[in-house]
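> Sequence and predicted structure, then a few things I'm wondering about:
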Amino acid sequence: MSATKLDDKTLLWMYRTMLTIRRFEEQARREADAGKLRGMHSAVGQEAVPTGVCVHLRDGDYIFGTHRSHHHCIAKGLDIKLMMAELLGKATGTNKGKGGTMHIADIEKGMLGANGIVGSNIPVATGAALRAQVQGTDLVSVVFFGDGAANQGVLHESMNLAGIWKLPIIFVCENNRYAQSTPFEYAVAGESVADRAAGYDMPGIAVNGMSVLDVYEVAGEAVRRARAGDGPTLIEAMTYRYMGHFGADNPLMYRTEDEEDEFKARDCNRQLKGYLMENAIATEAELDAMDEEVLEEVAEATRFANDSPFPDPSELTTDVYVSYR
Amino acid sequence: MSATKLDDKTLLWMYRTMLTIRRFEEQARREADAGKLRGMHSAVGQEAVPTGVCVHLRDGDYIFGTHRSHHHCIAKGLDIKLMMAELLGKATGTNKGKGGTMHIADIEKGMLGANGIVGSNIPVATGAALRAQVQGTDLVSVVFFGDGAANQGVLHESMNLAGIWKLPIIFVCENNRYAQSTPFEYAVAGESVADRAAGYDMPGIAVNGMSVLDVYEVAGEAVRRARAGDGPTLIEAMTYRYMGHFGADNPLMYRTEDEEDEFKARDCNRQLKGYLMENAIATEAELDAMDEEVLEEVAEATRFANDSPFPDPSELTTDVYVSYR
Amino acid sequence: MVTDVGVREISYIQAFNEALTDEMRRDPTVMVMGEDVAGAGGREGFEDAWGGVMRLTKGLYPEFGPSRVRDTPISEAGFIGAGVGAAATGLRPVVELMYVGFYGVCADQITNNAAKMHYMFGGKVKIPLTIFAGTGAGTNSAAQHSETLYSLFVHFPGLKCVAPSDPYTAKGLLIASIRDDDPVIVFNNRQLMGLRPEGHVPEESYEIPIGEARIVREGSDVTLIGVGYTTHVCRQAAADLEAEGYSAEVLDLLSLSPMDEDAIVSSVQKTRKVVIVDEDYPRCSMAGDISALVAEQAFDYLDAPPRRVTPPHTSVPYSRPLEALYVPNKDDVVAAAHEVME
Amino acid sequence: MVTDVGVREISYIQAFNEALTDEMRRDPTVMVMGEDVAGAGGREGFEDAWGGVMRLTKGLYPEFGPSRVRDTPISEAGFIGAGVGAAATGLRPVVELMYVGFYGVCADQITNNAAKMHYMFGGKVKIPLTIFAGTGAGTNSAAQHSETLYSLFVHFPGLKCVAPSDPYTAKGLLIASIRDDDPVIVFNNRQLMGLRPEGHVPEESYEIPIGEARIVREGSDVTLIGVGYTTHVCRQAAADLEAEGYSAEVLDLLSLSPMDEDAIVSSVQKTRKVVIVDEDYPRCSMAGDISALVAEQAFDYLDAPPRRVTPPHTSVPYSRPLEALYVPNKDDVVAAAHEVME
Ligand SMILES: Cc1ncc(C[n+]2csc(CCOP(=O)(O)OP(=O)(O)O)c2C)c(N)n1
Ligand SMILES: Cc1ncc(C[n+]2csc(CCOP(=O)(O)OP(=O)(O)O)c2C)c(N)n1
Ligand SMILES: [Mg+2]
Ligand SMILES: [Mg+2]
C-alpha cells in the first residue's frame, strides 16, 4: 500500500477526524448510558472508512448514511456541537432535535442524512448522483451502508440504475461482519459483497477498512472515476464495530473475544498514529496533544448540548411541510 | 446439444404442449380482439421455455408465473377449458372468473399463480421451496420472470435467501429482450442476467430459449440439483415474444422487422417439428394431425368458455377471506 | 398567449401532457422518469416509441432529450428513491408510478423518505418531488391493477395528495404540484383519461391551488362529495336527482391532503345532508375521513347521518359483471341521496 | 393442564412467547422467520443469542431447531414473500416485521400477495400467514421507528389485523392468529412489552376470537375506545374521571379488521357519547373509521359529536419533550371526555 500522494496536512486531517469520531462516540455513549438518549448505534472501530472516503470530497458533493452515521457526519465536517445537541434532542441540534441520532443531516455540509431504514438511502444517493449528471457538474455522491443492507433489494436496483446511466456515485459497504447479531457469512450468499458489482457493470473492490490509507487509495480512484464520468464503483470496506449493535447490548452474545481482539489489534486509529510517527510526520507528543484538543472539543460540544434548550412545544407541528393550507 | 435422454413420448408431449400454447394464445388473441377481455399478454414465441422446464416436474412441485403466464399454465397441465373460461371472466374459470388473465392459478395442478406485479412472485416461489425443505421433501419450486423483472430488488433478495439456505428452487428468467418497449440492453447493466447468479452462490446459465431441447437439458440439471439438495440455479432463457407487449400494441414502434424475422426464423415450434421429422419420431402428416386435434381442443375450450355463465353477483364479496365475522 | 376564442376542449391526457411540457420549458430543473416514459430506451430510430403507458409523457423526449426524460428499468424503489435524492439536491423530478397498486415495491421511498425528510431534518431539506400514478377499476384489469389507494398516502404526514377530476383540473393541479416545494402525488383515474368532457382548458399556464375543493354544481337539498372519477359519477347522479326535483350540490374534493375542510363543512351546513362517494377501499379511507369530519364539525346541522358510497371491503374482481358492481355508480349515489333525504 | 392457583401475572413478552412456543409444539407446520429471531445465524456456541430484538422469540431455536426457526437477512420483501409462499403450500409461518415502519420495503408482498391471493384465485388457495410487528412511539426512536400504521393494513380487504392490549390478549390473539386460515397481522405496541399489568394469564392454551372487542370497564356516561396501548391510556383516564364522579366505559378494540361494530355501536347507544383514542396518524385511520361508524350507525343516540384523540398530522419527533406531546395521554382523554359530556 503506497500513500505517496498523501501530504502531511491531509494525513493529519485524517488522524484528527478519526480521533474526533472516536472521542465523540465515546462521549455519546456516556450520554446514552446516563439515560439522555436511547437506541444509539456507535461507530467506534469504523473511523477509517468515512475518513478515507470523505477526504476526497469537496463542496457540493453529497454523502448519505445509515442508522450508524455519527462517523460519516464527522468525516464530512459537521459541527460536533450541533451533532451532540441533536443527540440530546435539543433545539440547537443539526435537525432542531427532530431527527436525533438516526437522522442527523446537514445539507450545507453535504450530509444528506443518516437514515433509520436499512438500505433506504441507497437510491436517494443515486438520485443525488443523477442530479449531478443532469446538471452537467462533476460532483459525486457517496452512500454508506452495512453488510446487512447489502441484502436489501434496493441496493441491486440502485447499482443497476447507476450502471446503466454511469452515474457518479460510490457505493461504500462498511462490512463490519454483523447485522445486529447476524454474521455476514450467514446472511450473504457468496463470498463477498464486492463480488456483486460484476453483475452491474462496475468495479467491485474489497479493501481493508481498518487501514485508512488503504481506504484512501481505493476511494480516491473511485471518486476520480465518478468525476470523470466513468461511472459508479462498489467498495466493500472490511471493518469492525467494537461496541454492541446499539451500544447497550453485549456483542459477546454472538461473537468471540478472540475475534474482537484480532480486529482491535489492527485498530485504525492506532495504526495511523504509528504511521505518522514512523514517518516522522508528527511526534507522539504532538499527536497526544491533538487528542487532548479533540477531547476538549468534545467536552465543549457536550456542554453546549446539555446547556441548550429543548425545542419549543410549537415545534411539534412545524416542518411537516414547507407549506400546508 | 444432445437429447439422448429424451424418449419419443416426452418429445411428443413437448411438441403437443408447445402447439397447445401457440393455438391457445392465437385464439385468446381473437377473443381479446373481439372485446371479450382486455390487457392480455401473449406468449407466442416463448413456448419452449416453460415446456422444457415443466417436463421435469412432478406432482407436488410448484411453479409461479408472471403477468404473461398462459404458457406456464399450459406447460404445467392446466385445463385449457378452464383457462379460457377464466379469460372471459366466467364462473367456470380456474379462478371462478375473479382473477383473469394475469392471475390464473390452479393449486391442484401446482400452478401457484400468474401475478400482475413484476417480480412479485419470486419470493413467493422461494417460500414454496422453503416449505419443501422444511418438510423434508424433494419437491422443487420454479419461478418464471422476465428480463424486466430482473431489475426488481426482490429477485436479489430471493436469490440471496435461496443461496444461503440452499433452497430447491429454479429461477427462470425468460429474456424476451423487452420490458414493454424497453430493450433489455438499455435496462440491464452488465452483459446478462445469468451473470448475476455468481454473487449469490449459485450457477447462472444462459440458454437458447428458442430450442426446447436446450432448455430441457439445462432445466433437467437444475431440477436434479434442487431435488438433491444442492441448491438453486438461475437460468436465463433467451427468447422472444412475437406479439406486442399486451397484444394490441405494435412492437415495430420499438424494434425492427429484421430482429423479429431473425427470431421467427428460429421458431421453437417449427424447430422441434423439424427435429421430430428428421429423427423419424413422427411424420409431418402425424404432426399436422396433432395440430388439428389441438385446434379442435382449443375450439372446444372456446365454446365452453363462451357458453359458460358469468359469476353470480353474490360472488363479488365471497373469497375475500376464508372466514370473517 | 391566449389564442382561443370560445371553448378549448382537450382530453385529460392532453391536458396533463401540456402541463408537463410547459413546466419543463419554464424550468430546466424539471425532469421526468418512469417506465417507458419515452419508450425504447432511446434506441435510435425509435425515440419516443411509447410516451408512457397512458401517453401522458408523449413528446417530451424529442423536445427535452435523454438527460431530462429517462426511461427506467422496472425498479420503482430505485427510481422513486432517486427522485427523492434528486429533489433534495436541486431538481424537480416528476416520476411516474404506472399504477398505484405497484406502490408496494417502493412505499418505503415515498413514506419514509419523501414524506419524512423535511421534518426529520428540521425543515432544512426540501423534497419538491411530484409522483403521478394511475388509479381505479373499470378496465377489466383485476385486483392488482385496479386499486385507488390514495388513502394510504393521505395517512402520512409530509405528503400532499391531489386527484384531478377532468382535463381542466388535471392541468392546473399538475402545474401546482410541480411548483410545490413538498412531495405531491397526483392520482389519475384511468377512466377519466379517455373522457373529453365539456369545459374550457386554457392554453396558457395556470395553477389550481392545492388544498381547495370546488363546487361543480350548486344545490340545496343534499351535498354529494366526489373524488376524481366519482365526481363524474356525482354529477350524473345530480342530473338524475334534478329530474326528480331534488337540488344536489356536488363538491369535487380535488385535494385529499391538505383537504378543504371548510368547503366540506360549509356545504353540508347548507344542505344538511351528505353523501360521500369514493372508489377507494372503504376501511380507513377518505370516505371515512370525510364522514368523521362532517359528523364532528357539522353535527348540529345534520338532518341525517352522513352516508358513504364505496365499494365493499373486497379486492377488485376481474369478471366484468362483478367489476361493474364494484365501482360506485350513479344509481348507488341516487339511492343513497334518497336515503338521507327521507 | 391448569396448575395455577390464583393469579398468574406475566409480561406481554412472556405471554407472546408462550403462545408461540405452544403453537409450535402443537403444530409441526408452524415455523418462525425474521431478523435475529434466534440470533447469531445459528453460529455454534452462540445459538439463541438474541431471540428477536424484543425477545419475543427467545428459546424457540434451542427447542425447534434451525429449520423451523430461521434468522433471515435484512430482506423483508424476500422473507415475508417467502412466508406467503410457504403458507400457500402448507406451512403456517409466523414472520416478524421488526417495526411496522419497515413495511415500506415489503408492502407489496403483504398487500398484493398475502391479501389478494385467496380472492384472485377464486378461494382455492389459503394463506395462513401470521406477521407480527412492533408499533408505537414513546421510545425516543424518531420518525421511522415509532409509527403505528395499522390503518394501512386495515384498508386492504383480505388482511386481518389485531392489536393486543396486555399479556392476556397478546397470548389469546396470537394463538387465534396462528390458527387462522387467513393472513393476520399482530401489532405489538412497544410500550406494552415491558408492562406487567394486573391480570391472570392462563398457562393453558386459549384463543381470543378475532373480531371481538371487549369491554374492560363498564360505565354509563361516556365510551372511551382504545386500541392496543391507548386502551391503557383510556383506563387511566377512566380512573381519573371516576374520581371526578363520571362513569366511563372503556372498550378495548383488540381486532381492527374485522372490527366489532356491534360492540362499538351498543356501547355508544348506551352512553350516548364517545371518545376514540388512537395513536396512529389521524388521516384515513382507525379513529376516523370508528368515528364515521358511530356517526352513521348511532346517529340518533348521540348527545354530542364523536370525538377523536390522536396525534397531530405530524411525523413522530425525536426530542423527548416533543414526543411526549405527540402520543395521546390520559389528560388529553379526560379533556375530550369533558368536552363531549358538556
Ligand atoms: C428495513 C429495515 N429492516 C430492519 C431494520 C432493523 N435494523 C436496524 S440496524 C440493523 C442491522 C444493520 O446491519 P448492517 O447493515 O450490517 O449495519 P451495521 O448495523 O452493522 O452498521 C437492523 C436489522 C431496519 N432499521 N430497517
Ligand atoms: C412492479 C411493477 N411495475 C411495473 C409494472 C407494469 N408492467 C407490466 S409488464 C411490464 C414489463 C415486464 O417486462 P418483463 O419482466 O421483461 O416481462 P415480459 O412482459 O417481457 O414478459 C411492466 C413494466 C408492473 N406490472 N409491476
Ligand atoms: Mg454490519
Ligand atoms: Mg421481457
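Structure's in. What do you need? Ligands and ions are numbered 1, 2, ... in the order given.

> Tell me which helix or strand the residue lying closest to C:Ala295 once chain neighbours are set aside sits in.
Spatially, and ignoring its direct neighbours in sequence, C:Ala295 is nearest to D:Ala295 (3.2 Å; C-beta to C-beta, 6 or more residues apart in numbering or on different chains). To be clear about C-beta, it is placed using only N, CA and C from the backbone, and glycine gets the same treatment. Assessed by DSSP states H and E, D:Ala295 sits inside helix D:286-297.

> Next, the angle from that helix to helix C:286-297.
70 degrees (axes from the mean of the first three to the mean of the last three C-alpha atoms, to 10 degrees).

> could you say what helices and strands helix D:286-297 packs with?
Secondary-structure packing of helix D:286-297 (3 or more C-beta pairs under 8 Å, 6 or more residues apart in numbering or on different chains; DSSP states H and E): helix C:286-297, strand C:307-309, helix D:150-155, helix D:261-271, strand D:274-277, strand D:307-309.

> Give me the residues contacting that helix.
C:283-285, C:287-289, C:291-292, C:294-296, C:305-308, D:150-151, D:154, D:225, D:227, D:253, D:256, D:259, D:261, D:264-265, D:268, D:274, D:276-278, D:280, D:282, D:302, D:305-306, D:308-310 (C-beta atoms under 8 Å, 6 or more residues apart in numbering or on different chains).

> Return the members of those residues classed as buried.
Listed as buried from these are C:283-285, C:287-289, C:291-292, C:294-296, C:305-308, D:150-151, D:154, D:225, D:227, D:253, D:256, D:259, D:264-265, D:268, D:274, D:276-278, D:280, D:282, D:302, D:305-306, D:308-310; burial here means 16 or more other C-beta atoms under 10 Å in any protein chain shown.

> what about A:Met14, helix or strand, and which?
helix A:8-33.

> How about that helix and chain D, any contact?
No. Helix A:8-33 stays clear of chain D (C-beta under 8 Å from any C-beta of the partner chain), getting no nearer than 10.1 Å.

> Hmm, A:Arg38 is touching D:Gly138, no?
No. Taking contacts as C-beta atoms under 8 Å, A:Arg38 lies outside contact range of D:Gly138: 10.5 Å.

> So for those two, which residue has more residues nearby?
Between A:Arg38 and D:Gly138, counted using other C-beta atoms under 10 Å in any protein chain shown, the more crowded position is D:Gly138 (18 against 15).

> Okay, the more buried one and ligand 2: tell me how far apart.
35 Å (C-beta to the nearest ligand atom, to the nearest Å).

> How about stretch A:106-114 and ligand 1, touching?
No. Counting by C-beta under 6 Å from any ligand atom, ligand 1 is not contacted by stretch A:106-114; separation bottoms out at 11.0 Å.

> go on, stretch A:133-143?
No. Using C-beta under 6 Å from any ligand atom, stretch A:133-143 never reaches ligand 1; the gap is at least 12.1 Å.

> The chain: strands as residue ranges?
By default, I'm working from chain A. With strands called from DSSP state E, chain A shows them at A:62-64, A:141-146, A:169-175, A:178-179, A:182-183, A:204-208, A:233-238.

> ah, no, chain C please
So, for chain C - with DSSP E - the strands run C:30-34, C:69-71, C:92-99, C:130-135, C:160-162, C:184-189, C:214-217, C:222-226, C:248-252, C:255-257, C:274-277, C:307-309.

> and of those strands, who's closest to B:Asn250?
strand C:69-71 (18.0 Å; C-beta to C-beta).

> Tell me the buried residues in that closest one?
Those buried within strand C:69-71 under the rule 16+ other C-beta under 10 Å are C:69-71.

> what's the answer for stretch A:191-201, then?
Buried residues in stretch A:191-201 (16+ other C-beta under 10 Å): A:192-201.

> do stretch A:294-305 as well
A:294, A:297-298, A:301-302, A:304-305.

> Relative to chain C, which of those residues is nearest.
A:Ala305 (15.1 Å; C-beta to the nearest C-beta).

> quick one: contacts for the residue of chain C found nearest ligand 3?
Using C-beta to the ion, the single residue of chain C nearest to ligand 3 is C:Asp108, 19.4 Å away. Listed by C-beta under 8 Å, 6+ apart, the contact partners of C:Asp108 are A:117, A:120, A:154, C:77, D:102, D:104-105, D:107.
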